[in-house]
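Student: kindly return the folded structure for what I paste below:
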Amino acid sequence: MAVWCADEAGPYQAIPQPGASWQPISEPLRYPHEYLRGGTVKLLTLFHPVTGQLRVKGVTHTPNTVLHPWLQQELTAIIAALPPLDKVPNAAENRAAWACWQDGLSIRFTLLEALPPLRMLLVFDNLAGHKTATFVCWLMAHGIMPLYTPISGSWLNMAESIQRILVSRALAGQHPENPAQLIAWLEAVARGWNAHPTPFIWGGKRALRRQQARERRYHLGGSGAVTHQPVPHQGTDLNGGKQSK
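Tutor: Below is the predicted model:
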C-alpha cells in the first residue's frame, strides 16, 4: 500500500532570509537595513517517504479552492501509476481493511457504503480544510484513506521534514524580492531533490543513537567509557547516603 504525506508549508516572506553563505574573506554578506516586504508564498507538498519523491507547487494563498484541485490532480496521477492489485478483496475484507485505520479514534468520519479497494494512506495535518465532506468522500471514492495527525502532533507528518530541507536550501542567506522569485527557487530545489531523492525511514540512525544512549546511560567524563550504574562519589556509600566519619 502506498503511503504519502501532504502539507502546506509557509508562509515564506520575500524579505532578506537569515542563513550561511560562501563569501570572500573579510567580505561578509550584508543584509540591507531597509527593504520592502514583497509578499508571501506557501508550498503545497506531497511526499512519498519510501522513495523520497516529491510533488510540489508554490502558491500565494491556499484556500480549499486552490488546495483541493491540486491534490485531486496529483493524487489521481499517483493512483493511476500504482501497480494493479494481485487479488481484489471481497466486500467484507475490503471494509475491514478500511475500518482498521479508524480503530482507537474518538471521532471517526463515516465510510462510504460502496468502497473501492484501499490503495493509499494519506497523512494530513489536523486542519479543517482537510476534513470537508466533499473532499473526504472524493478521497474514499479513489481508494485513499486520510489519516490526520493529532493536535500538537504535526511532527508525525514526514512532509514537514522535507519542507524544512527544501526551504533551507532555497532561501537560507538569500534575499527574494517578490513571490514569483520565491516560488521559482522553491520549485527548482524540489526538482533538484527529485533528481537524486533520499528515502526517509521513521526513526532511522537518530533513533538508534538515542536508544544506544539510553542503554549506556552513565557517561564517564574524559573518555568514551560508560557504566550501567552511577559511580559513587568520594564520601558517599553505594546506597546513596553519606558515610559517617
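Student: in the chain, which spans are strands?
Tutor: Under the criterion DSSP state E, the chain contains strands at 2-13, 40-48, 53-59, 120-124, 144-148, 218-219, 226-227.
Student: to Ile162, which of those strands lies closest?
Tutor: strand 40-48 (5.1 Å; Cβ to Cβ). To be clear about C-beta, it is placed using only N, CA and C from the backbone, and glycine gets the same treatment.
Student: list the helices and strands the closest one packs on?
Tutor: For strand 40-48, the packing partners by 3 or more Cβ pairs under 8 Å, 6 or more residues apart in numbering; DSSP states H and E come out as strand 2-13, strand 53-59, helix 64-81, helix 158-171, helix 179-195.
Student: will you turn the strands of the chain into CSV that also has mean pLDDT and mean neighbour count?
Tutor: As requested, the strands of the chain are exported to CSV (pLDDT from 0 to 100; neighbours: other Cβ atoms under 10 Å):
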stretch, mean pLDDT, mean neighbour count
strand 2-13, 90, 20
strand 40-48, 93, 22
strand 53-59, 94, 20
strand 120-124, 94, 19
strand 144-148, 95, 19
strand 218-219, 65, 12
strand 226-227, 70, 12
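Student: of all these, which lies closest to Leu71?
Tutor: strand 2-13 (6.6 Å).
Student: the closest one pairs with which strands?
Tutor: Counting by DSSP bridges, the strands paired with strand 2-13 are strand 40-48 (antiparallel), strand 120-124 (parallel).
Student: end-to-end on stretch 35-55?
Tutor: 32 Å (Cα to Cα, to the nearest Å).
Student: okay, now the closest residue to Asn64 other than its chain neighbours: neighbour count?
Tutor: Ranked by Cβ to Cβ, 6 or more residues apart in numbering and with sequence neighbours excluded, the top spatial neighbour of Asn64 is Gly129, at 5.1 Å. Neighbourhood size, Gly129 [other Cβ atoms under 10 Å]: 14.
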